[in-house]
Each structure stands twice: as structure tokens, then as C-alpha cells.
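*Asks:* just a sequence and a predicted model for now, questions to come.
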Amino acid sequence: MFEREREELVEILKNKGITNKRVLEAFLKVERHLFLPDIMKQHAYKDVALPIGLGQTISQPYTVAYMTQALDPQPQQKILEIGTGSGYQAAILSQMGARVFTIERHHDLYNSAMKIFDKMNLRIAARCSDGTLGWQEFSPYDGIIVTAGGPSVPVNLKKQLADNGRLVIPIGDKKIQSLQIITKISSDEFLTREVPYFAFVPLIGREGWKEK
Ligand code: SAH
């Protein structure tokens, strides 16, 4: 279903500057409509963020593609995602062959993402907790991707990154953030590249924003 729509979406992503072939291939394969409530499915292949309940959104495909390209996950690498939401970003990473660990703080979203992973036979490890603390048990990670915007980079995430690993995280105020692409050189040396003008829902937790 929706093959033609997926092909058109991939053309849009190419035109916006996504060049990584493995990323584009994953977008052709992963069925975004499966991650959306019924009334939203008809919009699944538009390049827009869409509501998934509890005030949260499935990120815009371009944003998912941009972050995935920045992370550049290789097959068998261990990748930690903070902010499972619908589960779509995790499925893209899994489709690319990464071993995916993902954390969501809302029980309902965690439950429905788990159900979709099961149905699609995706082997993704998921938990419901505060992702700003990371997931110590399976660390270090070759890559960490945070799909909600925080006020500062959580120290635990930097700690749980492997040497040469990469952390992609939006940092800024609650409305607008820049994407920080951080490479760990050694335990106390990091290289940061910053790309401005992204808008994510807030990262809420011990090392994020406080819940109102
Ligand atoms: N990657 C998701 C994007 C969902 S929006 C997708 O592909 O659909 C970001 C998600 O981050 C929301 O579901 C929100 O509840 C969650 N979130 C915010 N702060 C969090 C935290 N500290 N730990 C885990 N999840 C968090």
C-alpha cells in the first residue's frame, strides 16, 4: 500500500538535500502510515509532522531523514533513541540494520509503539522511562539520537556514547532549537557541529525541561 506515495516522498527528500542512499532506501521501505492513527493515515506521506496524541507528534519526514543522515548508523551498530513517540524513527534505524534501543516517557505511546514493532516483526528494545538518564545497561552506544528538544546536553548521554560515537540532539528554547551533532573523541573530548532552525516537542526529564 502507498508505494507510489513513498516514492514521491523520497523524491521530495532528495530535492531537499538528503543524499545517503541507505537512508532513502529505508524511507522507501518503512510504511509510515502504520505508525499513525486511522484519521491521519491519508496524510502519512506528506512531508509534515502529524499529531499522534498526548500533545506529541511524529516528526516531519525531512527531519527524521536529516537526523538519520547525520547519525549515519551502520549495520549491527548499537543505537539509542530518546523519544520513541510513534516508533517511526526507531523503525527507520532498524530497517537500516542497526540494533535499536528506544525510550519513551509516556506509557500510552510506549505501548502502542511496542504493538506496532511486534506486528512488523521488528526486533527493537523499548522501555518506558526518563531518557535523559540514558539506558546504562546496554551502553556504550555507537550512536544516540534524541527526538525531543532539551535546554542542554544530558551528561549521561555523553557518558553512554562509545568513543567515535555520535550524538544527535536538538538544543535550544522550547520553541526553536539547533541540532547539535556531537562526536565523542575520548571521555573528555567532544567535537560539536551545530545546524540551526529545528522545532521539536520538549524533552522533559531530570536533565531536560521540568514538567509543568
Ligand atoms: N521519534 C518520534 C518522535 C516523537 S516526538 C517518532 O518518530 O514519532 C518526541 C517524543 O519524545 C514524545 O513522544 C515525547 O513523549 C518523548 N519524550 C520527551 N521527553 C522524553 C524523555 N525524557 N524520555 C523519553 N521520551 C521523552
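*Replies:* That came through, no problem. Computed from a predicted structure; not experimentally measured.

*Asks:* state the distance from the residue in the chain sticking out farthest from the centre to residue 179.
*Replies:* Going by CA atoms, centre = their mean, the residue of the chain most distant from its centre is residue 188, 25.1 Å out. Distance from residue 188 to residue 179, counting by CB to CB, to the nearest Å: 23 Å. Glycine gets a C-beta too; all of them are placed from N, C-alpha and C.

*Asks:* please apply the same query to residue 66.
*Replies:* 8 Å.

*Asks:* go on, residue 89?
*Replies:* The value you get for residue 89 to residue 179, if CB to CB is used, is 14 Å.

*Asks:* swap in residue 9?
*Replies:* In terms of CB to CB, residue 9 sits 21 Å off from residue 179.

*Asks:* what does residue 47 give?
*Replies:* Applying CB to CB, the value for residue 47 to residue 179 is 17 Å.

*Asks:* and these two? Which one has more around it.
*Replies:* It is residue 179, of residue 47 and residue 179, that has more neighbours when counted by other CB atoms under 10 Å, with 22 against 14.

*Asks:* just the element for that one, please.
*Replies:* Per DSSP states H and E: residue 179 is located in strand 177-186.

*Asks:* name the strands paired with that strand and say parallel or antiparallel.
*Replies:* Under the criterion DSSP bridges, strand 177-186 sits next to strand 161-172 (antiparallel), strand 189-198 (antiparallel) in its sheet.

*Asks:* quick one: the helices in the protein?
*Replies:* With DSSP state H, the ranges of helices along the chain come out as 3-15, 21-29, 61-71, 88-95, 107-119, 155-159.
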